[in-house]
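The sequence and its predicted three-dimensional model are supplied below.
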Amino acid sequence: MTDTSDDDKYRAPALSKGLDILELLASGAEGLTQVDIAKTLGRTTPEIFRMLMVLRQRGYVELGEGDDRYHLSTKMFEVAHRHPPMRRLTAIAGEAMQKLADALNQSMHLAILHSGRVLVVAQVDCPDNHLTSVRLGAQVPVADTASGRVLAAWMAPPALDRLLAEMAEPEPRRAAFLADLPGVRAAGYCESPSLTIAGVHNLSAPVFDFSGRVAAAVTIPFITRLSGTSTVGADASRQALVEMAADLSRRMGAGARG
């Protein structure tokens with residue numbers, strides 16, 4: 001039996017259409033009308049309408065207020081967090097991150113790789129009135145972040161090649177990103193000026209799972225406040241972050257297989 005016949009045997013057209021819609025809506029923040037979705041996917045409006053009705057009933061998509069544009073709901077994000085490894089990681093990390101954020105007076109977030117982008121799965125704020133934070137659920141280009149460098153630095157070559165292929169970045173940016181990875185791996189963390197916000201100094205450390213893979217990156221977008229409330233400097237904050245990430249790794253089973 002050929003690969004083609006296997007593909008034909010196990011085709012599920014309705015499921016494929018539903019997944020196509022979800023993936024299309026996930027690629028933009030503005031939402032799309034039913035007509036836009038049908039046109040982009042090369043489908044008829046009636047078949048897209050049926051799919052959208054089912055996806056709305058199941059809570060995966062929703063209509064914007066006052067318009068006819070469809071958007072993804074938060075349900076996919078919620079479903080992903082029911083997956084035991086992710087649930088365990090966020091449960092373990094949350095309290096430790098908040099404790100460290102309070103001690104350092106710096107916000108921080110936890111991120112994973114998802115479809116070639118960095119996805120923020122946990123975020124905590126510090127007690128100060130002025131802070132820099134990343135929205136929970138935000139998806140950011142890998143090459144723009146310290147988190148992305150940490151998540152990629154320990155990848156095996158085949159996985160790294162797949163990630164680079166998924167990155168919608170010009171070749172010079174991908175080359176610069178790739179050139180940073182050996183230094184991150186040698187140091188055990190990433191420390192660099194933000195590529196998106198002036199004055200922010202990113203500190204990021206890896207969280208390893210039981211298999212030795214980097215499961216997540218925990219990152220402080222470090223800011224120096226002029227009011228005198230930044231009582232802990234960048235070097236001490238980075239050391240504390242690395243220590244916390246190492247503890248999270250141990251609790252996730254890193255090194256258990258010896």
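Cool, the structure landed.

Would you mind listing where this protein has pLDDT under the threshold?
Across the chain, the ranges flagged by pLDDT under 70 are 1-11, 29, 77-85, 255-258.

Where do the strands of it begin and end?
32-33, 61-63, 69-72, 108-114, 117-124, 139-141, 190-193, 201-208, 214-222 (DSSP state E).

For the closest residue to M76 other than its chain neighbours, list the residues it contacts.
Nearest residue to M76 in three dimensions, chain neighbours excluded: Y60, at 6.4 Å (Cβ to Cβ, 6 or more residues apart in numbering). (C-beta placed from N, C-alpha, C; glycine too.) Residues counted as contacts of Y60 (Cβ atoms under 8 Å, 6 or more residues apart in numbering) are 22, 72-73, 75-76.

so where's the longest helix in the protein?
Ranked by residue count under DSSP state H, the longest helix found in the chain is helix 84-104.

so how far is A187 from L41?
Per Cβ to Cβ, to the nearest Å, L41 is found 45 Å from A187.

Name the residues of stretch 177-186 that come out as buried.
Using 16 or more other Cβ atoms under 10 Å as the test for burial, stretch 177-186 gives 177-178, 180-181, 184-185.

Kindly apply the preceding question to stretch 246-256 instead.
For stretch 246-256, the neighbour count (16+ other Cβ under 10 Å) marks 246, 248-249, 252, 254 as buried.

Put together a markdown table for the residues you listed, with distance to L110 on each row.
Shown next, in a markdown table, are the buried residues of stretch 246-256 (distance: Cβ to Cβ, whole Å):
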| residue | distance to L110 |
| --- | --- |
| A246 | 15 |
| L248 | 9 |
| S249 | 13 |
| M252 | 12 |
| A254 | 16 |
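
Which members of those define the maximum pairwise distance?
The distance between the two most remote of the buried residues of stretch 246-256 (Cβ to Cβ) is 10.7 Å, for A246 and M252.

and R117, what are its bridge partners?
Beta-bridge partners for R117, by DSSP bridges, are H114, P141.

contacting residues for it?
So R117 contacts 139-142 (Cβ under 8 Å, 6+ apart).

So which of these wins on neighbours?
Among the contacts of R117, V142 has the most neighbours (other Cβ atoms under 10 Å), with 24 neighbours.

before we move on, the earlier item: more neighbours: L41 and A187, which one.
Counted by other Cβ under 10 Å, L41 and A187 do not tie: L41 has more neighbours, with 17 against 13.

if we can go back for a sec, most neighbours among the contacts of Y60, which one?
Within these, neighbour counts (other Cβ under 10 Å) peak at L72, which reaches 21 neighbours.

Once you drop chain neighbours, what's closest to that residue?
The shortest distance from L72 to any non-neighbouring residue, by Cβ to Cβ, 6+ apart, is to L25 (4.8 Å).

Check A26 too.
With sequence-adjacent residues excluded and distances taken as Cβ to Cβ, 6+ apart, A26 is closest to L72, at 5.8 Å.

Tell me if I'm right that the one you found and S27 touch.
No - if you go by Cβ atoms under 8 Å, L72 and S27 don't touch, sitting 9.9 Å apart.

To what extent is K39 buried, counted in neighbours?
13.

Give me the contact list for stretch 226-239.
103-106, 128, 130, 189, 191, 201, 203, 205, 220, 222-224, 240.

and of the residues you listed, the nearest to R88?
Nearest to R88 out of those is A205 (Cβ to Cβ; 18.6 Å).
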